[in-house]
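*Asks:* compute the structure for the input listed below.
(one chain, ligands or ions: 1)
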Amino acid sequence: MGLTDIQTRIATAATACGRDPGDVTLIAVSKKQPDARVAAVLDEGHRSFGENRVQEADGKWPGFRDTYGACDLHLIGPLQTNKTRAAMELFDAIHVLDRPKLATTIARLAQEMGKCPDLFVQVNTGEEDQKAGVMPADADAFVTTCRDLDLPIRGLMCIPPVDEEPALHFALLAKIAERNGLTGLSMGMSGDFETAVRLGATHVRVGSAIFGERP
Ligand SMILES: *Cc1c(COP(=O)(O)O)cnc(C)c1O
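*Replies:* This next block holds a predicted model:
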C-alpha cells in the first residue's frame with residue numbers, strides 16, 4: 001500500500017504486457033481523505049489527483065496549489081450542469097461527460113472562457129440503472145455529438161459493476177474507444193488497476209490503496 005507501491009505495480013503490469021509505464025497516468029483519488037494524507041502524497045512529489053465533488057475539491061485544492069504549485073486535477077464524480085463553470089475553472093480533466101445538455105454547456109463555456117479541460121465520455125458499460133454514463137449502444141453517436149461541438153474528447157471512462165468481472169467491462173470500453181479513434185481510457189481502481197493496465201488503461205483512478213480507507 002502507498003504511492004510508491006502502486007507506482008511500482010503499475011509499472012510492472014505495463015511492462016509485462018509490453019506497454020510503456022509512462023503511458024499510464026496514476027490519478028490519486030483524494031476524495032474524503034484527511035488533508036494530512038493528501039499533503040503526504042504531495043510531499044512525495046505526486047501531482048495528479050482525482051476528486052468526485054466540485055464543492056469538496058474547491059474547498060481544498062486552491063490551498064494545496066498555493067503551497068505545492070501546479071497540480072493536475074481530475075473530476076471523476078457526477079457533474080450537475082449548474083456546477084459546470086466551477087468545474088471548468090478548477091479541473092484539468094473531466095471524466096464524467098455523459099449527456100448532451102452537459103456537452104452543450106461545456107461547449108458554450110469553453111468559448112466564453114477560452115479554455116476547456118480534457119474530456120472523457122463516461123460509458124455505463126454495465127447498463128446499470130443507478131449509474132451515470134451513456135449506454136454502450138449510444139456511445140458512438142454521443143462521441144460524434146461532442147466532436148460536432150468541437151469538444152476536446154480525450155477518451156472514455158467506466159466504472160464496472162461491483163459484482164462483475166471488471167476485465168469484460170474494460171475490454172468493452174477499449175473496443176468502443178478504438179472504433180471511435182479515441183486513445184484515452186480512464187479505468188481501473190484500487191481493486192483492479194493492474195487488470196485495467198493490461199487492457200489498455202491510460203488513466204487509473206486509485207484512492208484507498210494509496211491513502212488508506214476513506215474515514
Ligand atoms: C472513489 C473512486 C475511485 C477510487 O476508488 P478506490 O477503490 O478507493 O481506489 C475511482 N473512481 C471513481 C469514479 C471513484 O468515485
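*Asks:* count of neighbours near the residue in the chain that the ligand sits nearest to?
*Replies:* Nearest to the ligand in the chain, going by Cβ to the nearest ligand atom, is Gly207, at a distance of 2.7 Å. C-beta here means a position set from N, CA and C on the backbone, and glycine is covered the same way. Counted with other Cβ atoms under 10 Å, the neighbours of Gly207 add up to 22.
*Asks:* what segments of this protein are strands?
*Replies:* 25-29, 48-51, 72-75, 93-97, 118-122, 153-157, 184-186, 203-206 (DSSP state E).
*Asks:* ok, which of these comes nearest Met1?
*Replies:* Met1 lies closest to strand 203-206 among the strands of the chain, at 10.5 Å (Cβ to Cβ).
*Asks:* could you list every helix and strand in contact with the closest one?
*Replies:* For strand 203-206, the packing partners by 3 or more Cβ pairs under 8 Å, 6 or more residues apart in numbering; DSSP states H and E come out as strand 25-29, strand 184-186, helix 193-198.
*Asks:* near the ligand at all, the last one?
*Replies:* No: for helix 193-198, no contact with the ligand is found by Cβ under 6 Å from any ligand atom; the gap never falls below 7.8 Å.
*Asks:* circling back: for the residue of the chain closest to the ligand, which non-adjacent residue is spatially closest?
*Replies:* Once flanking residues are discounted, Gly207 sits nearest to Val29: 3.3 Å by Cβ to Cβ, 6 or more residues apart in numbering.
*Asks:* was I right about the one you found contacting His203?
*Replies:* No: the pair Val29 and His203 does not pass the contact test of Cβ atoms under 8 Å, sitting 11.2 Å apart.
*Asks:* which positions in this protein make contact with the ligand?
*Replies:* Residues of the chain that fall close to the ligand, judged by Cβ under 6 Å from any ligand atom: 29, 31, 52, 76-77, 159, 189-190, 205-209.
*Asks:* filter these to the buried ones?
*Replies:* Burial by neighbour count, 16 or more other Cβ atoms under 10 Å: within the residues of the chain next to the ligand this picks out Val29, Lys31, Asn52, Ile76, Gly77, Ile159, Met189, Ser190, Arg205, Val206, Gly207, Ala209.
*Asks:* pick out the most distant pair among these.
*Replies:* Among those, Gly77 and Ala209 lie farthest apart (Cβ to Cβ), at 18.3 Å.
*Asks:* quick one, grab the pLDDT at Met1.
*Replies:* At Met1, the model reports a pLDDT of 72.
*Asks:* and if you look at Asn52?
*Replies:* With respect to pLDDT, Asn52 scores 98.
*Asks:* check Gly69 too.
*Replies:* For Gly69, the predicted pLDDT is 98.
*Asks:* for it, grab the count of nearby residues.
*Replies:* 9.
*Asks:* and the one 4 residues further on, by the same measure?
*Replies:* By other Cβ under 10 Å, 24 other residues sit near Leu73.
*Asks:* with Asp66 instead?
*Replies:* Counted with other Cβ under 10 Å, the neighbours of Asp66 add up to 8.
*Asks:* which stretches of this structure form helices?
*Replies:* Ranges of helices within the chain are 3-16, 35-43, 54-68, 84-90, 100-113, 139-148, 166-179, 193-198, 208-211, based on DSSP state H.
*Asks:* I am finished for the moment; much appreciated.
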